[in-house]
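Visitor: Sequence first, predicted coordinates after that:
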Amino acid sequence: MFKFNFEVETEVEPEEAVKSPFTENSEHKTEQEDLGIVKDIVWYEAEQIKPTKAALSRLDLYELNAKDLKVGNTEIRHLIAGFLLEDIKNHGDLESRDIKKSEESHSDLIAGVYEGGAKIWECTDDLLLYLSENYDDSYWKGKRVLDLGCGSGLLGIYALQSGAKVDFQDYNKDVLEQITIPNVMLNVQLDLSDDNKLEFLEENTSFYSGDWSNFALLTLDTEKYDMILTSETIYNIENQQKLLDTFNSRLRGDGIVLVSGKSHYFGVGGGLEQFVDVINKGKAFESKNVWTADENLKRGILKIKFK
């Protein structure tokens, strides 16, 4: 039986408070903004982020503030969101500036600045469930997987625990340093020395921050992916072609993409059905709806592959 054993009330957004790239404090949005169209944004450059011994030195603190998530037969440990945000607010430095901006503005997303990586969005739970029920352990051996827009990194950690080599990408460098990498470290074999843990991460993972287009350029000469996993990344219609271009650049010819998201993101314009229309207008991909949940706001999972 599949079970999420964590306190969902701290991490699941209210039904009407779905992902939007605008601060809720704005009282003068233009018509374009209401449709999710944001102009003149300078998107972050991409860079590779390396796990450090300094992060490993905090592992005992992370362990005290982590909880377990059971996905099929796989157990994942991850930091408690409340601890994370409080720790960042109280002790964060310039490296956590984007997360702090989000907290100070009481917004989960700020276009071009912060893309919601500190929260575990419910469609991530959906995709974890789907993976556990449709891909056995033997599938992952030798596979290269990208967790795109990874946030907490749970999708990538699941693949890593199952035997894949995984790259984690998030728009915000501080999300990777303060959230993703600590979560991955929590799931590395405990009895390894610090040097061996870093060696394991070096051999089996990579971490990239920045805009999708810039990430695709930065990794152009690296091996392509067998599977790309991405959750709640289709809300902004202005970024959807950029997302598809990243799939096109980084996916193997016989690879697959799994996209989990909501049927509609109110106030933004994006959603699964709308995203399928964008896919169908292009010449590169075909998609199939492989999973649907009808409770509350309708959610689903798309399987995308090259035509």
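Guide: Received, thanks.

Visitor: Do I have it right that E45 meets G210?
Guide: Yes. If you go by C-beta atoms under 8 Å, E45 and G210 touch, sitting 5.3 Å apart. Using the backbone N, CA and C atoms, a C-beta is placed for each residue, glycine as well.

Visitor: With neighbour numbers in mind, choose between these two.
Guide: G210 (21 against 12; other C-beta atoms under 10 Å).

Visitor: From T219, how far off is that one?
Guide: Distance of G210 to T219, given as C-beta to C-beta, to the nearest Å: 11 Å.

Visitor: Between the two, which contacts overlap?
Guide: Common contacts of G210 and T219 (C-beta atoms under 8 Å, 6 or more residues apart in numbering): A46.

Visitor: Quick one: residues contacting L79.
Guide: Contacts of L79 (C-beta under 8 Å, 6+ apart): Y62, N65, A66, S152, I179, P182, N183, L186.

Visitor: Mind naming the longest helix for the protein?
Guide: helix 122-134 (DSSP state H).

Visitor: got the contact list for it?
Guide: 2, 4, 12-13, 69, 71-74, 151-152, 154-155, 158-159, 229, 231-232, 258, 260-262, 290-291, 293, 299, 301.

Visitor: which of these count as buried?
Guide: 69, 71-72, 74, 151-152, 154-155, 158-159, 229, 231-232, 258, 260-262, 291, 293, 299, 301 (16 or more other C-beta atoms under 10 Å).

Visitor: Those in helices, which ones?
Guide: Going by DSSP H, the helices hold L154, L155, Y158, A159 from these.

Visitor: how near is the second one to D277?
Guide: Per C-beta to C-beta, L155 is found 25 Å from D277.

Visitor: contacting residues for F306?
Guide: Counting by C-beta under 8 Å, 6+ apart, F306 has contacts L251, G253, D254, G255, A284, F285, E286.

Visitor: okay, E122: pLDDT?
Guide: We have a pLDDT of 89 for E122.

Visitor: ok, the residue nearest to K307 when sequence neighbours are not counted - contacts?
Guide: Nearest residue to K307, sequence neighbours excluded (C-beta to C-beta, 6 or more residues apart in numbering): E286, at 5.1 Å. E286 makes contact with I279, I304, K305, F306, K307 under the criterion C-beta under 8 Å, 6+ apart.

Visitor: burial count for the nearest residue to W212 once chain neighbours are set aside?
Guide: Residue nearest to W212 in three dimensions, not counting chain neighbours: T246, with 4.5 Å by C-beta to C-beta, 6+ apart. The number of residues packed near T246 is 27, by other C-beta under 10 Å.

Visitor: Which of the contacts of E286 fall within helices?
Guide: Counted as lying in helices by DSSP H, out of the contacts of E286, are I279.

Visitor: Pick the one among the contacts of E286 closest to W121.
Guide: Of all those, I304 has the smallest distance to W121: 19.1 Å, by C-beta to C-beta.

Visitor: And the pLDDT at the closest residue to the closest one other than its chain neighbours?
Guide: Closest residue to I304 apart from its sequence neighbours, by C-beta to C-beta, 6+ apart: V257 at 4.0 Å. Per-residue pLDDT puts V257 at 98.

Visitor: which residues touch V257?
Guide: Contact partners of V257, counting by C-beta under 8 Å, 6+ apart, are M227, I228, L229, T230, F247, L251, F285, L302, K303, I304, K305.

Visitor: quick one: which two of the residues you listed are the most distant?
Guide: Farthest pair in the contacts of V257 (C-beta to C-beta) is L229 and F285. Separation: 15.8 Å.
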